[in-house]
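[1] The amino acid sequence is not available; the structure is as follows:
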């Protein structure tokens, strides 16, 4: 099995300094191909254009992917999983993936998503890095501009949790493998110690803290944590655990093989009836269509189904339809198979 590609999840409230840290990471990456997935949004948030136009060597425009459809932990199936798959399927996949979350995102559900069947054998969570606005904590707050954070919350129609800022801060720290106390140059001599104590009280044992100014942290410190966080979920407490919300890791998948189908339209119509009836999250695969010398490639996310002919069937290749169905554990596999067979 090929070595898994490491991914780093960067979390922290709007204004904590996530963009500055990522820009410094790119500038000091020493030739490592780093792909970025950016989920911040809003006028005061992380703007992908800032990173795309940073003129940093190795920071190619197609290495920056923006997901602006809402809180990433709330849109895992629709946005995050397909994006990760595209990065992994590149001819030259990245050496490392850095995922910058919205300050409103709960980090644990995102880590859980790395147990998705299609990616869990190909990528691992190297670590969760939480960036903390040290002066804000010193002032008894969690963000330097709480009004901007609230505006961000109101702007996100997809947000399906309304955790108080205090709980969000606890979530970010409880899931962390490394905490960056940023903007420490703005603290006076007596403020750093109580800030450190406040943050440390929320951390799991052995989680390290580093101080930084302007987000300048050496890549040797940020990358290579080897936490495999997706396998360590039980040690990362969350306020959502008891409620059973944001449980994105309880997935199952199976493969259905069919023969030659009459038309793409017939297959799409069939899937559009089956998907909502069985709460199927994704369908992907290829199909053989009668009278066509080319293979039909199909991708379905929720109710959205896309398809196109990608290549000709090769000599000696069995013309068949092969679909992978992904859903939550407990879906009625027998009923879905029967529905697809008719």
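    That came through, no problem. This is a predicted model, so every value here is computed, not measured.
[2] got the contact list for the closest residue to residue 186 other than its chain neighbours?
    Once flanking residues are discounted, residue 186 sits nearest to residue 135: 4.7 Å by CB to CB, 6 or more residues apart in numbering. Quick note: C-beta positions are derived from backbone N, CA and C, even for glycine. Neighbouring residues of residue 135 by CB atoms under 8 Å, 6 or more residues apart in numbering: 144, 183, 186-187, 191.
[3] tell me the centre residue of this protein?
    For the chain, residue 80 is the residue whose C-alpha lies nearest the centre (CA atoms, centre = their mean; 4.8 Å).
[4] Can you get me a residue count around residue 283?
    23 (other CB atoms under 10 Å).
[5] Test my guess that it contacts residue 325.
    Yes: using CB atoms under 8 Å, residue 283 is in contact with residue 325, at 5.6 Å.
[6] any idea what the residue in the chain sticking out farthest from the centre is structurally, helix, strand or coil?
    The centre of the chain is farthest from one residue, residue 291, which by CA atoms, centre = their mean lies 40.2 Å away. Here residue 291 is coil, with the state taken from DSSP: H, G, I helix; E, B strand; the rest coil.
[7] among the contacts of residue 135, who's most crowded?
    residue 183 (25 neighbours).
[8] surely that one meets residue 137?
    No: between residue 183 and residue 137 there is no contact under CB under 8 Å: 9.9 Å.
[9] if we can go back for a sec, separation between the residue farthest from the centre of the chain and residue 218?
    Separation of residue 291 from residue 218 (CB to CB, to the nearest Å): 60 Å.
[10] Surely residue 20 is in a helix?
    Yes: counting by three-state DSSP, residue 20 is found in a helix.
[11] what's the closest residue in space to it that isn't next to it in sequence sitting at in phi/psi?
    Closest residue to residue 20 apart from its sequence neighbours, by CB to CB, 6+ apart: residue 215 at 3.2 Å. Dihedral pair for residue 215: phi 70, psi 20, per degrees, to the nearest 10.
[12] Residue 253 now?
    For residue 253, the backbone dihedrals are phi -150, psi 150 (criterion: degrees, to the nearest 10).
[13] Quickly list what it is bridged to.
    Following DSSP bridges, residue 253 is listed with bridge partners residue 326.
[14] Just the buried residues of the helix or strand where residue 210 lies, please?
    Using DSSP states H and E, the element containing residue 210 is strand 208-211. Neighbour-count burial for strand 208-211, counted by 16 or more other CB atoms under 10 Å, picks out 209, 211.
[15] tally of neighbours for residue 342?
    Residues lying near residue 342 (other CB under 10 Å) number 5.
[16] Show which residues not belonging to whichever strand or helix holds residue 286 make contact with it.
    According to DSSP H and E, residue 286 maps onto strand 280-289. Contacts to strand 280-289, defined as CB under 8 Å, 6+ apart, come from residues 77, 81, 118, 251, 255, 258-264, 267, 271, 274-275, 295-302, 305, 307, 310, 313, 319-328, 331, 336.
[17] Kindly tell me how buried residue 217 is, as a neighbour count.
    Residues near residue 217, counting by other CB under 10 Å, number 24.
[18] Strands along the protein, start to end?
    5-11, 34-38, 64-66, 96-100, 123-133, 178-182, 208-211, 251-258, 260-261, 280-289, 294-301, 304-312, 321-328 (DSSP state E).
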